[in-house]
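Engineer: Fold the following.
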Amino acid sequence: MSTRLSVDLIFLGLIAAVANWIAHAPADPPARAAYLCTPVIVVAGAAAHLEAAMDDDGRTVAPTPPWRFDPGRACLRVITSLSEDLGY
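Structural biologist: Modelled structure (predicted):
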């Protein structure tokens, strides 16, 4: 099997897996938002922890300021409003 064909099959498998994951989302808008935004919340949390670890100078880390953008909350808000608007 050629490398090009292998890469294409992996890409198609990835698209199929994502489509299947989205198809299994619950019907209730808040539950759908929580289900679909879980990867965003996990990655954002890992990025915040990594940022704090890389910026470590021996002092305690201050709490996250309230004005800082929170991708998890933004994702939940957008998916909930889209689900309600589209009637899913």
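Engineer: And the helices in this structure, which stretches?
Structural biologist: 3-23, 29-54, 71-86 (DSSP state H).
Engineer: And those: which comes nearest Pro63?
Structural biologist: helix 29-54 (11.0 Å; C-beta to C-beta). Just so you know, the C-beta spots here come from the backbone N, C-alpha and C atoms, and that holds for glycine as well.
Engineer: Next, the angle helix 71-86 makes with that closest one.
Structural biologist: Angular relation of helix 29-54 and helix 71-86 on a 0 to 180 degree scale: 160 degrees, by axes from the mean of the first three to the mean of the last three C-alpha atoms, to 10 degrees.
Engineer: what helices or strands is helix 29-54 leaning on?
Structural biologist: helix 71-86 (3 or more C-beta pairs under 8 Å, 6 or more residues apart in numbering; DSSP states H and E).
Engineer: thinking again about what came up before, can I get the helices of the chain in a markdown table with mean pLDDT, mean neighbour count and distance to Thr64?
Structural biologist: Shown next, in a markdown table, are the helices of the chain (pLDDT from 0 to 100; neighbours: other C-beta atoms under 10 Å; distance: least, C-beta to C-beta, whole Å):
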| stretch | mean pLDDT | mean neighbour count | distance to Thr64 |
| --- | --- | --- | --- |
| helix 3-23 | 91 | 10 | 29 |
| helix 29-54 | 89 | 14 | 7 |
| helix 71-86 | 89 | 15 | 12 |
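Engineer: No further questions, thank you.
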